[in-house]
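Asker: I would like the atomic coordinates for the input below:
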Amino acid sequence: MALWGNKDTVYSSGKVNCNAAGVVTRHSGTIDWTANGVAVGQVLTLATDGAGPGQGIIQEIVSNHEIKLDTERLDLPGTFSDVNYEIRETPKYEVRGGSFGINEIFGVDPAEQEEARDDKSQYRPAHAGWVGIHTYTDMHGNVRVKTETLVAGSTITGDSNDDAVLPDS
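Answerer: Numbering: from 1, shown residues only. Okay, here's the model as predicted:
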């Protein structure tokens, strides 16, 4: 797989467990990782579970209920049990060591970009594509937003659950 793809969400059905070695297994729900477009090289992001969010790059799809993440690019603060997850095609170079943290990279399609600009949203990106968005508070207590276009593109598909930041319409 290339360094990035064009799918904001590839798959996110069910809930998973993940150990510190990066072995992700089905916890509940309907999951089939051998189908549904899941592929080696995609990025799996785990929801917050006490210790914080985690992510890694898929190294192997062992079965429809087990995935192994690349231990060289693993960003896990601990183990996860019964958490939501999302498989995406975000830029791989941002996993563990990039400029933006977990859940700060967004696949922005042209409709989301246009909506953010029309609403004069503080999250409005300069371009559609893969965009890093970091929110912080400055020394005066003002909320600030930094956006950076990582990969410009107009072919982002598979809308992620990010409408609080980037609504579709």
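
Asker: buried residues in the lowest-mean-pLDDT helix or strand in the chain?
Answerer: One helix or strand of the chain scores below all others by mean pLDDT, DSSP states H and E: helix 110-118, with a mean of 87. Going by neighbour count (16 or more other C-beta atoms under 10 Å), the buried part of helix 110-118 is 112-113, 115-116. In short, each C-beta sits where N, CA and C put it, glycine included.

Asker: got any ranges where this protein has weak pLDDT?
Answerer: 1, 48-51, 169 (pLDDT under 70).

Asker: Pick out whichever of the buried residues of helix 110-118 sits closest to Asn64.
Answerer: If you rank these by distance to Asn64 using C-beta to C-beta, Glu112 comes first, at 31.6 Å.

Asker: just checking, that closest one touches Ala128?
Answerer: Yes: using C-beta atoms under 8 Å, Glu112 is in contact with Ala128, at 7.4 Å.

Asker: next one: the helix or strand just after the least confident helix or strand of the chain to chain centre, how far?
Answerer: Downstream of helix 110-118, the next assigned helix or strand under DSSP states H and E is strand 129-137. Mean-position distance between strand 129-137 and its chain equals 12 Å (C-alpha atoms, centre = their mean, to the nearest Å).

Asker: do the same with stretch 110-117
Answerer: 19 Å.

Asker: now what about that stretch, what contacts it?
Answerer: 108, 121, 123-125, 127-128, 154, 159, 166-169 (C-beta atoms under 8 Å, 6 or more residues apart in numbering).

Asker: how about a cut-off of 7 Å?
Answerer: 123-125, 128, 154, 166-169 (C-beta atoms under 7 Å, 6 or more residues apart in numbering).

Asker: neighbour-wise, which of those leads?
Answerer: Ranked by the number of neighbours (other C-beta atoms under 10 Å), the contacts of stretch 110-117 place Leu166 first, at 24 neighbours.

Asker: that older thread, which member of the contacts of stretch 110-117 is positioned nearest Glu86?
Answerer: Distance to Glu86, by C-beta to C-beta, is smallest for Leu166 among the contacts of stretch 110-117, at 14.9 Å.
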